[in-house]
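> Structure of the sequence below:
(one chain, ligands or ions: 1)
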Amino acid sequence: MDEIAINHTFHSTMRKFDPQYYDIAIVGGGLIGIITALRIADLCEQKDWRMVFIAPKNEQTDNRTTALFMKSIKMIDKLGVWEACHSHSSPLKIIRIIDDRSRLIKTPIIEFNAKEMNQEAFGYNIPNSIFLKALNNQLSLYKKLYKKSFQSIDEPLIGAESTRKSMMLTLKNRNRINARFVIAVDGRRSLLRAVSNIDCHEWQYEQTALTFSFQHELPHNFVSNEFHTKSGPITQVPLPKNHTSHHRSSLVWVTKPDRAYQLKALSHITLSRNLEIALHSILGKVVIEEPIQSYPILGMTVKSFGSNRVALAGEAAHVLPPIGAQGLNLGLRDIDDLTSAIKTTTVGDFLNIKNVIQTYNKARKVDASLTTSCIDILNRSLLNNSLLVQLTRVLTLSLAQESSILRRFLMHYGMGNRC
Ligand SMILES: Cc1cc2nc3c(=O)[nH]c(=O)nc-3n(C[C@H](O)[C@H](O)[C@H](O)COP(=O)(O)OP(=O)(O)OC[C@H]3O[C@@H](n4cnc5c(N)ncnc54)[C@H](O)[C@@H]3O)c2cc1C
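Below you'll find the model as predicted:
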């Protein structure tokens, strides 16, 4: 018997006799984690694999919204999640970049219109709380449907160790489980990335993002405005009306950490006034909504998307500043590539982990590095005072405004279409 056949027999036997033995473990219950669990659950059921989803409950509410491009919307629609999000989301028809750095050389306003791509909208802006609720509801359905193959555990992972035949995972309650293959979606401080010795490169921007929603006097007309200031972008993204207001948007205000701290400490009336000034009153008077949250801005890339029995996805594999709505869209492309790597390398029901990780890593490297680099350059060009950097930025962005070919290329690329 060859090595593959022996392994296969070993794992089949283990699965039968050890209830704590799984084919696939998914660790981390953020947006990417739940989407991964939904994507992989179908596959596990088809292949008769056992899957465990390790996702401790997160009590903190997330007041952010996520702008998802159409490709990502199609993916969540296939998972049966979009219908519950649709009426709470706003289409994104125009994206406007406004140079607001009060410097000598200024870029003209650049406008990307979905119509230029023959589309109604680039995508939709979804409140994270609605998105998470819809995902969790779907997860509950899947758990009922796939009782035999799908387990979930509400305990954090505190340790992981590679053995010859599996990865041994230790939970906070000291229970131990074994999994042949582990998908690490445990966020930017990934424990699994650390124990797998996967090198990462992390850098700081000395920026903090304040996030909240707000009501405004004038309609947004489905336009997102991104004001590029010398401390970072201030991005308004349209939201649909609700019972309190007809005109609403969400905001990501990226600025220096001490300025963010000062803004957060202001009364709501004063902060609303500051916001109106920052938006140059383009939406008229504004009233901010509770709560206000803050997120430190950093960047991170990994040397490899996996090693041994662990594959990384989402923020466990890449972190970018919130410019151009790239982070989650990039994470969803990870899941797409990981699922197809598993499908294309699986013969019968044999999960060939080495091949999965090799194929997945190859598929993700270019997309993730390019996206991270582009966003990094765009963010740094705001913070950098050098005349050369400013000239290059102005020339590139002016060219984008003038040339419809370049604009279309940028829109195509920004929406995650890679070929
Ligand atoms: C201000 C802001 C605005 C953004 N806007 C957009 C946008 O408009 N569009 C877009 O595409 N992207 C956007 N992003 C990026 C997007 O939010 C992230 O890409 C996304 O949230 C990453 O999801 P994740 O599931 O990978 O990570 P996380 O959300 O961090 O989830 C990781 C999960 O793992 C769990 N975990 C951690 N450690 C363990 C452990 N030891 N055991 C078990 N579980 C563990 C955590 O509890 C958490 O639930 C934005 C980001 C920020 C900061």
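> Any residues of the stretch 151-300 of the chain in contact with the ligand? List them.
Contact residues, the stretch 151-300 of the chain versus the ligand (Cβ under 6 Å from any ligand atom): 156, 157, 185, 186, 187, 191, 209, 211, 252, 295. Every C-beta, even on glycine, is put in place using the N, C-alpha and C of the backbone.
> Which members of those occur in strands, if any?
Within these, residues falling in strands by DSSP state E are 157, 209, 211, 252, 295.
> of all these, which two lie farthest apart?
157 and 252 (30.0 Å; Cβ to Cβ).
> Only whichever of the ones in strands among the residues of the stretch 151-300 of the chain next to the ligand are buried, select them in ChimeraX.
Selection command for ChimeraX covering only the buried members of those, criterion 16 or more other Cβ atoms under 10 Å:
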select :157,209,211,252,295
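> Would you pull up the residue in the stretch 101-250 of the chain closest to the ligand?
residue 187 (3.1 Å; Cβ to the nearest ligand atom).
> hang on, the earlier thing: now the residues of the stretch 151-300 of the chain next to the ligand in a markdown table, with pLDDT and distance to residue 167?
Listed next are those as a markdown table, based on pLDDT from 0 to 100; distance: Cβ to Cβ, whole Å:
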| residue | pLDDT | distance to residue 167 |
| --- | --- | --- |
| 156 | 96 | 16 |
| 157 | 97 | 11 |
| 185 | 98 | 15 |
| 186 | 97 | 13 |
| 187 | 97 | 18 |
| 191 | 98 | 12 |
| 209 | 96 | 34 |
| 211 | 97 | 35 |
| 252 | 97 | 36 |
| 295 | 95 | 30 |
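> For those, work out which two are farthest apart.
That would be 157 and 252, which, of these, are the farthest apart (Cβ to Cβ) at 30.0 Å.
> where along this protein do the helices fall?
Counting by DSSP state H, the segments of the chain that form helices are 3-17, 31-47, 70-78, 82-86, 128-145, 191-195, 257-265, 268-278, 327-345, 353-383, 387-402, 404-414.
> if we can go back for a sec, closest one to residue 173 out of the residues of the stretch 151-300 of the chain next to the ligand, please.
Looking across those and measuring by Cβ to Cβ, the closest to residue 173 is residue 156, at 9.3 Å.
> Is the closest one in contact with residue 171, as I believe?
Yes: at 7.0 Å, residue 156 and residue 171 qualify as touching, with contact defined as Cβ atoms under 8 Å.
> Closest one of the ones in strands among the residues of the stretch 151-300 of the chain next to the ligand to residue 199?
Once Cβ to Cβ is applied, the member of those that ends up nearest residue 199 is residue 157, at 20.7 Å.
> any idea how far residue 172 is from that closest one?
8 Å (Cβ to Cβ, to the nearest Å).
> Name the nearest residue to the most centrally placed residue in the chain, ignoring sequence neighbours.
Among the residues of the chain, residue 328 comes closest to the average C-alpha position under Cα atoms, centre = their mean, at 1.8 Å. Among residues not flanking residue 328 along the chain, residue 66 sits closest, at 5.2 Å (Cβ to Cβ, 6 or more residues apart in numbering).
> Correct me if wrong: the one you found contacts residue 128.
Yes: if you go by Cβ under 8 Å, residue 66 and residue 128 touch, sitting 5.8 Å apart.
> For those two, list the residues in contact with both.
By Cβ atoms under 8 Å, 6 or more residues apart in numbering, residue 66 and residue 128 have these common neighbours: residue 31.
> before we move on, the earlier item: ok, what's across the strand from the residue nearest to residue 328?
Beta bridges link residue 66 to residue 126, judged by DSSP bridges.
> Neighbours of residue 194, how many?
13 (other Cβ atoms under 10 Å).
> Also residue 368?
For residue 368, using other Cβ under 10 Å, the count is 21.
> didn't it look like it was pressed against residue 330?
Yes: taking contacts as Cβ under 8 Å, residue 368 lies within contact range of residue 330: 6.5 Å.
> who touches both of the two?
Common neighbours of residue 368 and residue 330 (Cβ under 8 Å, 6+ apart) are residue 318.
> Mutual contacts of residue 156 and residue 171, please.
Shared contacts of residue 156 and residue 171, counting by Cβ under 8 Å, 6+ apart, come down to residue 54.
> residue ranges with poor pLDDT in the stretch 301-419 of the chain?
Counting by pLDDT under 70, the ranges of the stretch 301-419 of the chain that qualify are 382-391, 393, 395, 399-409, 412-413, 416, 418-419.
> Quickly list the domain ranges of the protein.
The record's domain split for the chain, according to automatic domain parsing, is 3-62+130-202+300-377, 67-126+203-297+404-414.
> of those, which approaches residue 396 most closely?
domain 67-126+203-297+404-414 (8.7 Å).
> Run through the stretch 101-250 of the chain and note the low-pLDDT ranges.
Ranges of the stretch 101-250 of the chain meeting pLDDT under 70: 102-105.
> Show me where it has its strands.
110-113, 123-127, 150-153, 157-162, 167-171, 176-184, 200-216, 223-229, 232-239, 248-255 (DSSP state E, counting those that start in this stretch).
> Direction included, what does the last one pair up with?
Strands that pair with strand 248-255, judged by DSSP bridges, come out as strand 200-216 (antiparallel), strand 232-239 (antiparallel).
> List the buried residues in the first one.
Of the residues in strand 200-216, those buried by neighbour count under the rule 16+ other Cβ under 10 Å are 200, 205, 207, 208, 209, 210, 211, 212, 213, 214, 215, 216.
> before we move on, back to that, closest to residue 337 out of the strands paired with strand 248-255?
Closest to residue 337 of the strands paired with strand 248-255 is strand 200-216 (Cβ to Cβ; 18.9 Å).
> now that closest one and strand 123-127, what's the angle there?
80 degrees (axes from the mean of the first three to the mean of the last three Cα atoms, to 10 degrees).
> Numbering from 315 from now on, please.
New numbering, starting at 315: the last item is strand 514-530.
> if we can go back for a sec, can I get the residues of the stretch 465-614 of the chain next to the ligand in TSV with distance to residue 585?
Listed next are these as TSV, based on distance: Cβ to Cβ, whole Å:
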residue	distance to residue 585
470	35
471	38
499	34
500	34
501	29
505	36
523	15
525	13
566	15
609	17
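> No more questions from me, cheers.
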